[in-house]
Each structure stands twice: as C-alpha cells, then as structure tokens.
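>>> no sequence on this one, just coordinates:
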Ligand SMILES: CCCCCCC[C@H](O)CC(=O)SCCNC(=O)CCNC(=O)[C@H](O)C(C)(C)COP(=O)([O-])OP(=O)([O-])OC[C@H]1O[C@@H](n2cnc3c(N)ncnc32)[C@H](O)[C@@H]1OP(=O)([O-])[O-]
Ligand SMILES: NC(=O)c1ccc[n+]([C@@H]2O[C@H](COP(=O)([O-])OP(=O)(O)OC[C@H]3O[C@@H](n4cnc5c(N)ncnc54)[C@H](O)[C@@H]3O)[C@@H](O)[C@H]2O)c1
C-alpha cells in the first residue's frame, strides 16, 4: 500500500502540487527505537527493511516486534482473535531485514536512522548511504540530542534531510518531533509530517530536552523517593530513574557526554559518577536486566 504525501511547493499554487510516494522505508538500527519505528511503519502498510550489524541482532529485533504487536493485538482484537492473528502476520510480512544498509536503501523512499547516539558514526553512515540511495530519498535521524544539521552535513542532500524524533516505546507514544534544519526543504518537512500522521502519531515541530533526567541523576535523595515523587506528585507515568532504565543508560551517557563536550562549564551537564559506573559495568537498564533498578 503506497501512501501518497501531497504537498504544495512553497510559493506555488495548489496546481503545482507534487507528490512524494512514501512506500519503502529503510530503518537503520534495530534496537529499542529502530524496532519500534519498524513496527509502526509495517503496521501502517509500509514495506520496511530493518538494518543492523548482525543477523543475530535482527532476529532479536523481529522477535521484539512480534511480541509488541501481540501485546497491542491482545487489547485491540480481544474479541476477534483471527483478525488479530491476521494483523500480526501482515505486520511481520511487511518487515524484511538486512545487514547491508547500502543495498537496502537502493529502493527506499525514506531512510530513518536509529543507530548509536554518536555524531561521527551517524555522519559516516549517512555519507555512505548518500552515494547509494536514489536522489528522491529523504533521510531522517531519530537522534535524541545531536544537531540534525551536524548529522546532515556529511551528505549532499541537505534539502532532503530532517529529524524524526520518536518517543520510547514507539508503539505507545503518540508524540513525534519533526525537526527541519535551515536547509530542509518545505517538501521534505511536509513529507515527514505527513508520514508521521500516516503512522498514527501526533507530529510537532519542536525540540524538548529531558532535563528532568539530568537533574534527578544529580539529586541526593533515593532513586525510589524521586521516582515516587514524580509519579504521584507530577503525574509522570514513570519516574526519571525508571525512565532512564527504559531509555537505556548507554544512550543517556552518549547524550550527556555530547552535551558536556558542547557546554563543558554548564553544571547541568557535569559528569555523573553513578551513571558512568553503571555504564562501565554494562548495566544499561531494562535492556541488560539491571540499571538503576534490577529487572527479573
Ligand atoms: C540526559 C537526557 C536524557 C534523554 C533521554 C533520551 C530521550 C529520548 O530521546 C526521548 C524519549 O523517548 S524519553 C521517553 C518517553 N517515554 C516515556 O516517558 C514513557 C513513560 N511510560 C509510559 O508511558 C508507560 O509506563 C508505558 C506506556 C511505557 C507502559 O504503560 P503502563 O500502563 O505504565 O504499564 P504496562 O503494564 O507496561 O503497559 C500497559 C499496556 O500498554 C501496552 N504496552 C506497553 N508497552 C508496550 C509496548 N512496548 N508495545 C506494545 N504494547 C505496549 C500493553 O498493552 C500493556 O498491557 P500488557 O498486558 O502489559 O501487554
Ligand atoms: N532509547 C530511547 O528512549 C530513545 C528515544 C528517542 C530517540 N532515541 C535515539 O535513537 C537512537 C537509537 O537509540 P536506541 O535506544 O534504539 O539504541 P540501541 O542501542 O537500543 O539500538 C541501536 C542499534 O543500532 C545498531 N547500530 C549501531 N551502529 C550501526 C550501524 N553503523 N549500522 C547499523 N546498525 C547499527 C546497534 O547494533 C543497535 O542494535 C539514538 O540516536 C537515540 O538517541 C532513543
């Protein structure tokens, strides 16, 4: 099923409407976020290629997608199990996997990157893909904290580059931040907004930083008290420590290190000994079974 995204070029009448058909989506990075983005794209009829560095990781990604779709179906199709099973199969049929990003992007209309939160690695990936993807292909990064302009700077398609910042867990969170750089064309920005809506998300074009997590990690009250206080006092569904374990302490450390490198004198970005210790011990949170909290 192809989704035609109509847009009006800036300054042209609607008769000049050009359409971008977003049907084939390549997602690079099959971790927490990439697998979730692949799931919602496949669930809305897109043909998805999920790329990661090994078949073992991709097998785990697809297993995670299947488990997540089953959780959604269990609720949505409680009284129609056959229809639910049909949806599960349909979603899985829409997802193919590859360890060759260069090959995968050859047929893509949109490439969404959700790899490790490291600027150089993202830039190197996009520089390679820029030479192999078709001219019309839009590139988007799911980065939490890096400048989309900096990431885009390694490519020649600055007008067809933006940010698509999904929130974790992707199947449940409606919010998507669509980031346009000063070079992003209106067509690209509109296409990313329309694509997010087709996924059933609510796109906004702004940047929200998670200061709450930074402040909490530097607090000296117990993690349990802080989490309880934020849930019961501020209505958060998860406290900052619980959320950090959910996001991944490795990712949070990448973000903190990036911000402290950009703004070394800002006390908000001072190194956290506790966070550094946990990451050094491989305790990344829910994804490794232990972070600030232990998981069964
Ligand atoms: C230093 C700077 C740090 C920056 C950090 C990076 C920030 C990043 O860039 C932005 C973010 O993402 S920030 C992060 C932003 N994100 C947040 O802030 C998240 C805040 N947390 C929440 O919104 C809720 O706790 C959850 C929705 C996660 C869980 O819901 P809950 O009610 O608390 O508890 P529940 O019992 O678990 O689930 C109930 C039902 O929901 C369904 N379901 C759940 N997960 C599912 C999945 N993955 N798939 C499918 N379905 C899923 C399922 O039906 C389940 O029922 P079941 O019978 O168990 O199958
Ligand atoms: N975790 C969150 O809550 C969250 C939320 C929003 C945005 N983000 C952003 O999304 C991105 C991914 O975060 P995550 O939590 O999914 O990380 P993750 O560690 O769970 O997954 C990253 C995946 O990328 C793969 N990868 C790394 N380099 C690669 C390459 N060159 N080619 C292909 N695959 C590669 C890794 O093998 C891994 O499977 C980061 O930029 C992060 O800032 C994370």
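The structure has been received and is ready for your questions. Keep in mind that this is a model prediction, so the values were computed, not measured. Ligands and ions are numbered 1, 2, ... in the order given.

>>> hmm, stretch 70-90 in reach of ligand 1?
Yes: against ligand 1, stretch 70-90 shows contacts by C-beta under 6 Å from any ligand atom at 71-72, 75. C-beta: built from backbone N, CA, C; applies to glycine.

>>> Could you pick out the buried ones from these?
Applying 16 or more other C-beta atoms under 10 Å to the residues of stretch 70-90 next to ligand 1, the neighbour count classes residue 72 as buried.

>>> Tabulate the residues of stretch 70-90 next to ligand 1 in CSV, adding columns for secondary structure.
Converted to CSV, the residues of stretch 70-90 next to ligand 1 look like this (DSSP: H, G, I helix; E, B strand; the rest coil):
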residue, secondary structure
71, helix
72, helix
75, helix
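
>>> Cross-check the residues of stretch 70-90 next to ligand 1 against ligand 2 and keep the overlap.
With C-beta under 6 Å from any ligand atom as the criterion, the residues of stretch 70-90 next to ligand 1 include none near ligand 2.

>>> which one among the residues of stretch 70-90 next to ligand 1 gets closest to ligand 1?
residue 71 (3.8 Å; C-beta to the nearest ligand atom).

>>> quick revisit: the residues of stretch 70-90 next to ligand 1 into JSON lines, with extra columns for pLDDT and distance to residue 288?
Output for the residues of stretch 70-90 next to ligand 1, formatted as JSON lines (pLDDT from 0 to 100; distance: C-beta to C-beta, whole Å):
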{"residue": "71", "pLDDT": "96", "distance to residue 288": "21"}
{"residue": "72", "pLDDT": "94", "distance to residue 288": "25"}
{"residue": "75", "pLDDT": "92", "distance to residue 288": "28"}
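
>>> and the residues of stretch 70-90 next to ligand 1 as JSON lines, adding distance to residue 81?
Formatted as JSON lines, these follow (distance: C-beta to C-beta, whole Å):
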{"residue": "71", "distance to residue 81": "14"}
{"residue": "72", "distance to residue 81": "14"}
{"residue": "75", "distance to residue 81": "12"}
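
>>> quick one: low-confidence ranges for the stretch 1-150 of the chain?
Within the stretch 1-150 of the chain, the stretches with pLDDT under 70 are 1-20.

>>> re earlier: so which of the residues of stretch 70-90 next to ligand 1 comes closest to residue 45?
Checking the residues of stretch 70-90 next to ligand 1 against residue 45 by C-beta to C-beta gives residue 72 as the nearest, at 15.5 Å.

>>> Wait, that closest one touches residue 169, no?
No: look at residue 72 against residue 169 with C-beta atoms under 8 Å: they stay out of range, at 10.6 Å.

>>> which residues are contacting the strand or helix carrying residue 103?
Using DSSP states H and E, residue 103 sits in helix 101-104. Identification of contacts with helix 101-104 by C-beta atoms under 8 Å, 6 or more residues apart in numbering yields 26, 28, 49, 51, 98, 125, 128-129, 132.

>>> I am finished for the moment; much appreciated.
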